[in-house]
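**Student:** Need a 3D model of the following:
(one chain, ligands or ions: 3)
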Amino acid sequence: MTLDRFYPIVPDADWVERLLAWGARLIQLRIKDCPEPALRTEIEQARDACAAAGAQLVVNDHWQLALDAGCDFVHLGQEDFVGADIAALRRAGMRIGISTHDHAELDRALAKAPDYVALGPIYPTQLKQMPWAPQGLARIAEWKRLVGARPLVAIGGLTVARAELCLVAGADCVAVVGDIVRHPDPSRQADAWLAATRL
Ligand SMILES: Cc1ncc(COP(=O)(O)OP(=O)(O)O)c(N)n1
Ligand SMILES: Cc1nc(C(=O)O)sc1CCOP(=O)(O)O
Ligand SMILES: [Mg+2]
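**Tutor:** Ligands and ions are numbered 1, 2, ... in the order given. Now for the predicted structure:
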């Protein structure tokens with residue numbers, strides 16, 4: 001499986017639609033703290049928008065709602081997949097990306113045969129507090145050797161310039177939140193990301 005190299009992560013379905021209009025073709029919907037009826041509506045809106053654009057939606061965390069909505073790709077952290085029915089997800093044809101931050105997590109992730117492995121945080125991130133020190137670029141090369149043909153996603157503190165370094169270091173795909181959704185000119189910034197990640 002190949003992934004688009006530009007992987008924006010956004011907080012609601014309106015942002016998904018914006019990113020689609022700007023040219024993104026792989027988008028994660030990462031919604032925290034939202035009541036379930038509204039969450040379902042957001043997932044369905046994002047699903048339909050991505051389907052109409054021929055883009056790939058990845059639903060973060062909410063694997064059961066993604067399954068109910070007929071989505072086909074979820075992202076799970078280490079805590080998320082403990083309670084997840086991976087067999088049911090696989091039976092439904094769901095693809096799964098998994099976060100990793102150290103070797104033990106990578107071993108647990110690979111045991112689930114994920115469709116991609118994410119490594120982070122590559123650089124310090126403002127988005128959330130995490131106990132891991134920034135991984136740095138050398139870790140990307142190491143992780144790429146360990147994950148083999150499986151796509152490797154780099155995440156955490158990425159800017160356009162840093163994303164380019166991650167790709168050179170061996171990442172197949174670069175994921176970003178803040179440098180798009182908190183940027184004063186997100187449309188222009190998405191253009192810069194698209195240019196930097198174009199093959
Ligand atoms: C591409 C990508 N990589 C890592 C994460 C983080 O997932 P997780 O550790 O479950 O943390 P939350 O995003 O759920 O706070 C991700 N979402 N996407
Ligand atoms: C959601 C997330 N997960 C990470 C991990 O390392 O697993 S880093 C991260 C935050 C990414 O946001 P930004 O691009 O603003 O740094
Ligand atoms: Mg999660």
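**Student:** what's around the residue of the chain found nearest ligand 1, how many residues?
**Tutor:** Proximity to ligand 1, evaluated over the chain using C-beta to the nearest ligand atom, is greatest for Gly77 at 2.0 Å. The C-beta positions use only the backbone N, C-alpha and C, and glycine is treated the same way. Counted by other C-beta atoms under 10 Å, the residues lying close to Gly77 total 17.
**Student:** wait, what's in contact with it?
**Tutor:** Counting by C-beta atoms under 8 Å, 6 or more residues apart in numbering, Gly77 touches 61, 98-99.
**Student:** could you dump those to a markdown table with neighbour count and secondary structure?
**Tutor:** Output for the contacts of Gly77, formatted as a markdown table (neighbours: other C-beta atoms under 10 Å; DSSP: H, G, I helix; E, B strand; the rest coil):
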| residue | neighbour count | secondary structure |
| --- | --- | --- |
| Asp61 | 19 | coil |
| Ile98 | 25 | strand |
| Ser99 | 21 | strand |
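**Student:** near ligand 3, from those residues?
**Tutor:** Asp61 (C-beta under 5 Å from the ion).
**Student:** filter the contacts of Gly77 down to the ones close to ligand 2.
**Tutor:** With the criterion set as C-beta under 6 Å from any ligand atom, the members of the contacts of Gly77 near ligand 2 are Ser99.
**Student:** helix/strand/coil for the residue with the largest distance to the centre of the chain?
**Tutor:** In the chain, counting by C-alpha atoms, centre = their mean, Pro37 sits farthest out from the average C-alpha position, at 23.3 Å. Here Pro37 takes the helix state, with states given by DSSP: H, G, I helix; E, B strand; the rest coil.
**Student:** where does it land on pLDDT?
**Tutor:** Model confidence at Pro37, given as pLDDT, is 96.
**Student:** go on, Leu199?
**Tutor:** Confidence at Leu199, expressed as pLDDT, is 80.
**Student:** Leaving out sequence neighbours, find the closest residue to Leu119.
**Tutor:** Taking C-beta to C-beta, 6 or more residues apart in numbering, and ignoring the residues beside it in sequence, Leu119 has Trp143 as its nearest neighbour in space, at 4.8 Å.
**Student:** Find the helix or strand that the one you found is a member of.
**Tutor:** Take DSSP states H and E as the rule and Trp143 turns out to sit in helix 137-147.
**Student:** Let me see the backbone angles for whichever residue of the chain sits closest to ligand 3.
**Tutor:** Ranked by C-beta to the ion, the top residue of the chain for proximity to ligand 3 is Gly77, at 3.4 Å. Phi and psi for Gly77, reported as degrees, to the nearest 10, are phi -80, psi 180.
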